[in-house]
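Asks: kindly generate the corresponding structure for this input.
(chains A, B, C, D and E)
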Amino acid sequence: MFDVMVILPLAATGAGAILIMLVAAFETFRREGISILGMGLFAFAFFIQLTVDNSGDIYPFAEVFNGMLVANTFTKVAGLIILACGFFSALAAQTYFTQNKGFVLEFYCMLLFAAFGMLLLTMVAELITLFIALEIMSLAVYTLVGYDRHSVVRAEAVLKYLMLGAFAGAFYVMGAVLVYAGTGSTSFAAIGAVVADSGYLSNPALVGGSFLILFAFLFKAAAFPFHAWVIDVYDGAPLPVTAFMATAVKTSIFAVLANFLLINPEVHQGWVTFLFYLSILTMFAGNLIAIGQQNLKRMLAASGIVHTGYLLIALVALGSERFSGGAILFYLAAYGVATLGLFVALSYLSGQDERRVSFDDFRGLAKVRPYSAACIAIFLLSMAGIPPTAGFMGKFYIIAGAFQAGHAVLAVLGIVSSILSLWYYLRLIIVMYFREPEQRFEVAELTLAPLGTIVLAVCVFAISFYPVVL
Amino acid sequence: MSALDIIMILLRIAFGVLVPLSFVAVLVWMERRGAAYFQDRSGPNRCNIMGFRAGGLVQNLADAIKLVFKEDVVPGHIRHKFYFILAPMLVFITALLCFAVIPFADVLLVGGSSYIMQAIPTDIGILWFLAIVGFGVYGIILAGWSSHNKYGVLGGLRAAAQVISYEIPMGLALVSLLAVYGTVNLTEMAQYQGQLLFGFIPMWGVVLQPLGVIIFIVAAFAETNRTPFDLAEGESEIVAGFHVEYSSMKFALFFMGEYVAMFVSSALIVTLYFGSYQIPWLATDTLLAYARPVTVLLMIGLPVIGYFFGQWIKKNNSSHYRREHDPRIRETKVYIALLWSLVVLLEVICLGYLLFAAGGGADRILVALLQIGTFLLKTFLMCFVYVWVRWTLPRFRYDQLQKIGWEKLLPLSLLNIFITSAVIVAFG
Amino acid sequence: MIEHYLSLSVLLFCLGVLGVISRRNVFVVFMSIELMLNAANLGFVAVARLHQSMDGHVLALMVMAVAAAEAALALAVVILLHKHKGNLDTNIFSLLKG
Amino acid sequence: MLDNLLSLMIFLPIVLGAGILLLPVGREAARALGLAASVLVVLFGLKIFLTFNGSSGLEFVERSPLIESLGISYHLGVDGISLLVLMAAALLFPMVYLLFRTREKGYYGNLLIVQGAMIGAVCAADLVLFYMFWEVMLLPVFFMIGLYGGPNRLKATVKITIYTIAGSLLMLAAIIYLGMAHHQATGQWSFAMDALSGLSLAGPAATLAFVGFMVAFAIKIPLFPFHTWLPDAYTEAPTATTFVLSAIMAKIGVYGVIRFVVPVFDESFARYALILACSGVVGMMYCGIAALVQKDFKRMLAFSSASHMGIIALGIFCMNVQALTGTLYQIVAHATSTGVIFLLLGLIEERSATRTIDDFGGLASRAPILAVFFAVAMLASVGLPGTSGFIGEFLIILGAIKFNAVIGILAATTLVIGVCYMLWLFQRVFFEKPAEKTATFHDLTAIEVLTILPVIVLIIVMGIYPQPFLDKINPAADRQIAALAQVVAVADSGDGAELNNQGKN
Amino acid sequence: MSTEVILSGAIFIALALGIPMVMVLTVIFGPRSGGAAKNDPYESGIKHMVGMADQKFSVKFYLLAILFLIFDIEAVFMYPWAVSLRELGFLGFAEMTVFILLLLTGLIYILKKGVLNWR
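Replies: Predicted structure coming up:
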């Protein structure tokens, strides 16, 4: 039963979410137990996903799901990234909530539900399923952002996110209407066939619809004109949730965006110019915002925008023969590891009620907690793209892809932006290493996050030489 | 569109509008007399027109007139007058609109074309009902909120919470029913119920869905805010709930709306579970085939019924004690005379039919009339159940109400769906 | 015929967008979003009729479900915020302006 | 084990350094480990030097695929061009551990890492690999300046980092462009040097890539308009870092130009050689004059070093065998002399706690051995005949005059400026009347003498008997120039070679 | 939709909308009298004893509304399924069983969390 294997990680995640939901309702476990359970479920799903061998496109249970799902190496790796992000976010949460208020047992349940939506999102091959998956993910993430009822900040963040997210969702739905009107089908394969048959630009409903869909995705991925929300929301969300949003959500959105773009080369062709300028604007807008930030969470949010810009470069270059999906996934993995690492480190360094989140709060960290500082430095260097970290190889692939697709300008601008981004990445390193310590950075007992930080720091190097799979 | 079409449309609409409205009067009467009966007292029996009390029905007329001539108070503290006025209208309109899709006879073939016997002959049937019923909550909520009165708001909230809570088991009970009938079209559902199970049991919904009918009826009671679920009004706790600030015709609209809703949900229960217009063992085709024997039976039966009814009137329309010049004696005489003349009229019509018009279209019209009668009779009986329950059971506490809805009915209805679908899948 | 339906759908959608952009009350904003979704639903059903396929109907159902879930969440958040602030104007939510 | 000599030389220090940084190692242990590692590296280096025969291209080749899909491989090798740079990077390090005993363990750990990375950059024959080592080189420097530098270290750190990373990222773009160009030409991905040098690149994109490379290397060297990070960094950095920066890292920039830019972008290189040469000369002059007016000992030497880098770079841009040989020779010569100067300076600073020239005086009487050593190194640095510096500078000036008389004469004149300030400095610091700050100054200890002596001997040996060294260099230089000459000849006959023509005439 | 349906629908709805207009009758026939007390909320004669209309009511009402939204919409999915159950066969049955189980899980969760404990 090969299909079962393909679908099993998905099922495991969903079932796990429900399991935790019930466990939470019956209060079988306290916080520690449920944390371990959540992490264990993520790890379990990860290993199943790892053992799945899917080369070529598989349509699992085509009879039941009507070919609405597709599994291939691309979805497998995207799923792995998402599950790993989930695992480390869960780990960060375990530590975070020893020092912060607002824990509810359902936290891990929502985390798993979000991961479920994301896994589904990477596998969709059809517009309806896409919408469902998108919303499963979004709703779970909204909940994660705002579950702390006593915090006004959280409530505000979730409201902002929810309003704009629902807005984007409406755009997606309208886009789906138009695509459906233009092609008479919602399945990617059928849409691709229609495009191949009658052309893309000659079909106004399809063009308009796909652009509306694109808007929705760009919003979720925080690309340029739709990036404003991301800073506030990341800032307002609890740290582990921010980590999860910054990494896993981005992974799933880009996975599905790549899938959608590859419906047919003509669709991609129709979008290239648009994405081209958008990626430039996204990178520079992100950089400008990031440079001005004093708060680490906000800085990371803004730098997330910049990385979205790089990923858009990869999308522009999509379809050129080699780097297609691989570069995107590799970059996402590299970015995910570094970002998660930072957030995992922050989850125990930020102290009670997230009181240390600005640059200045980390003065002299290297003197007090040298290993944490070293790990953070590694993550920052990876984000900045300094070899031999994974971030470097990620950028390498993306820029190589851009060159190969004939967008040398984009490649050069990507590099310029990466130089700009040094400003805020180095700033933290400088603050950590070259200033005198003022704080003691005490850490609660029995926490896993320091260990996780080190594991991720090792991953930064380990991934770097992992070849692009596709 | 032929003239016949237009006549049929008008007739059906007239039926759809007038029957619920006239039933309001009947139901109010039935309620009050029923209450009196259960409580071993007389009920309204004084109002009369020239000594004719019509068993208390005149009281309704008096009430109506009274309400029309009452002052229409819109208290000054109400800020949203528009919604305040809109609310009773919504309650009434939604109740009335629900009836529009309920079939009261089988599809009628006249003049070469077929007429679906619903006020609005659409095939979306139950979906229309669900949509409109959901809309009714707005009226209640608006009334409570725009009254700007704590009792009103609380009543409105309670009513809304109650209605939406019971809408779920109701909807789920419907799901299993839909699975049985395989259609959302109410006329088709009614036709389905004309079949026989194992050749001798009428295939009514109640037979096929014993659990579903209980769930549905309970939910329907709650939906109509009737005792034992009338917490929205709860005179003893929150005065009158959402319509505490209403007076005169606005109040009358709530009042009428409630009875129309009761009538409509009775009609729906009958339609879904009690064979609709179907006379047991006499499906439409059978009736058509045996139109004449049936008519003969009818002609024999009518005087018998008339006799017993006359006896009943005589018994009940008399004083418990003798007195001089009792107006009831005259009244009874007039009633019995009217009854017999009606019987004679019907006999003549039947005879005329047998002699001159039997066969073809007339048969069908006869069948339709019979079915309408059956339908109204069943609905009437169902309405009586409402009254019966109201004066028998005490009111629930609010938490009990919600517990029944969510903890009992909802799992039960899910279970029902599971069993039903399993049976259907297993046995076709 | 389909053009009319689609035009209406797009028109409603644009109205919704306009509402989201111009209105300041959170509830009105959410209602506008619901309007957008329902505009899309209209479009789905119309197109489903055009193409004689069921996909559109299904998608409309799904959109309804999602809209409900979103509304549920929005309701919770709005109640929460109202508790904190006692007001529902989007302008007052300024803790996170940066 | 000795099959992978180069890898050993690279990763022994890096692993050890990382270990020292990460594990709780004491300061003394760290220094001892560092010393041991660097001595081992020296031994390996000597072994390579002695077994290198120079006749063929790369020797001691190690090659294994790293990322096969992109043709990136772990490809190391040494040829005549890289040999001397490699030697400089290998030989000079033990001195640091011996001279500076009381630093923190991070100091030694970073030094080890930077050494490994530099050796890696020199040995890398794959562009991506080179780039990786190139970037890794920077990080320890960043931390050393930032952590152990002078009072204004932050500014200096940020400056050097931003400059260098900006340059190297541009280089990254250029590298990727090269790989892509190779892919377009042959259908295969490769970043190997030998594969890429076979490419004939033309067009605006190629020029841009050339600029990318040149900017990166120019910043590292530093060439004239990109030199502004240098005075700050050299001044604020701790002695060992200044030593690393001036003695070796700057040379790797030069090495990069010779190794990567010239063979691959021969055409662009030939076209813009004159501009580059001018920039070298201008840098020389500018930094020389700037050095004259400095009050700070270290700052002055920093400018002096930059000025000398100008002439070394000039040697490449002249595009003839003499100049190239001179450059390669001068790389080692300058590395040794400047290295020694900075180390001595560090010792002086440590003992007197000042760097202002006016505070010194009469050191020669108090510390005669130091004065002698300093004198030798200084003279080598200014190119006195009989020292290593002379051979290199002579060859370069010779080549420069051959390339363009004006530039040659200007360069020669600038050398005189160098003599001026160096002698002036020497006079002010070591002679004149003793100043109060140097009252307690004591001479070099035995260990210090023994540490520095070999290098002083090397300086003199290289000055007197350069032939063995030149023998190792010459074949490679010849090959390189021969390859370049063809292109220049082609370019001469074709369009766009006006600059060269003017230069030649 | 046939004209028949549209026509009868329009007439019926118009009638249903028209009947409540009998409200106007009271405006015409009803008496009119002032009085300050008539402008106060009806409180059975007790004035402002136990809170005003804009007091906060139990949050359970809102929770209930949310639950309703979700369960009702889930029921919506069942209608088309139910109608076409015979065509869907065992597969449809199995899928809906899963769905029902999920619903039940949600219900159990809600009940366990005490959402419906009115006290």
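Asks: and stretch A:18-34, how far out from the chain's middle?
Replies: Relative to its parent chain, stretch A:18-34 has a centroid offset of 26 Å by C-alpha atoms, centre = their mean, to the nearest Å.
Asks: and that stretch, what's buried?
Replies: Buried residues in stretch A:18-34, counted by 16 or more other C-beta atoms under 10 Å in any protein chain shown: A:18-21, A:23-25, A:31, A:34. Just so you know, the C-beta spots here come from the backbone N, C-alpha and C atoms, and that holds for glycine as well.
Asks: endpoints of that stretch, how far apart?
Replies: End-to-end span of stretch A:18-34 (C-alpha to C-alpha, to the nearest Å): 13 Å.
Asks: return the helix or strand in the chain with minimum mean pLDDT.
Replies: All of this refers to chain A. Using mean pLDDT, DSSP states H and E, helix A:62-65 stands out as the lowest-scoring helix or strand of chain A, at a mean of 74.
Asks: ah, no, chain E please
Replies: One helix or strand of chain E scores below all others by mean pLDDT, DSSP H and E: helix E:23-29, with a mean of 77.
Asks: from the contact counts, what lies against the helix or strand hosting A:Leu120?
Replies: Assigned by DSSP states H and E, A:Leu120 belongs to helix A:107-123. Judged by 3 or more C-beta pairs under 8 Å, 6 or more residues apart in numbering or on different chains; DSSP states H and E, helix A:107-123 is in contact with helix A:2-26, helix A:31-51, helix A:73-99, helix A:127-146, helix A:250-261.
Asks: quick check: angle from it to helix A:127-146?
Replies: Angle of helix A:107-123 versus helix A:127-146, following axes from the mean of the first three to the mean of the last three C-alpha atoms, to 10 degrees, is 150 degrees.
Asks: rewinding a little: tell me the two of the buried residues of stretch A:18-34 that are most distant?
Replies: A:Ile18 and A:Arg31 (19.5 Å; C-beta to C-beta).
Asks: what ranges in the stretch 351-470 of chain A fall below the confidence cut-off?
Replies: Across the stretch 351-470 of chain A, the ranges flagged by pLDDT under 70 are A:444-446, A:467-470.
Asks: and chain E, by the same measure?
Replies: E:1, E:37, E:39-57, E:119.
Asks: what residues does chain C put near chain E?
Replies: Proximity of chain C to chain E, by C-beta under 8 Å from any C-beta of the partner chain, involves residues C:57, C:61, C:64-65, C:68-69, C:71-72, C:75-76, C:79.
Asks: quick check: bridge partners of the nearest residue to D:Cys123 once chain neighbours are set aside?
Replies: Excluding the flanking residues, the one nearest D:Cys123 by C-beta to C-beta, 6 or more residues apart in numbering or on different chains is D:Leu76, at 4.4 Å. Counting by DSSP bridges, D:Leu76 forms beta bridges with D:Glu62, D:Ala124.
Asks: distance of whatever residue of the stretch 301-450 of chain D ends up closest to chain B from chain C?
Replies: The minimum distance from the stretch 301-450 of chain D to chain B, using C-beta to the nearest C-beta, falls at D:Ala302 (80.3 Å). As judged by C-beta to the nearest C-beta, to the nearest Å, D:Ala302 and chain C stand 42 Å apart.
Asks: count of residues packed around that residue?
Replies: When neighbours are defined as other C-beta atoms under 10 Å in any protein chain shown, D:Ala302 has 28 of them.
Asks: what's the one helix or strand it maps to packed up against?
Replies: Using DSSP H and E, D:Ala302 sits within helix D:297-317. Counting contacts by 3+ C-beta pairs under 8 Å, 6+ apart, helix D:297-317 packs against helix D:229-236, helix D:250-256, helix D:266-292, helix D:321-352, helix D:388-403, helix D:405-430.
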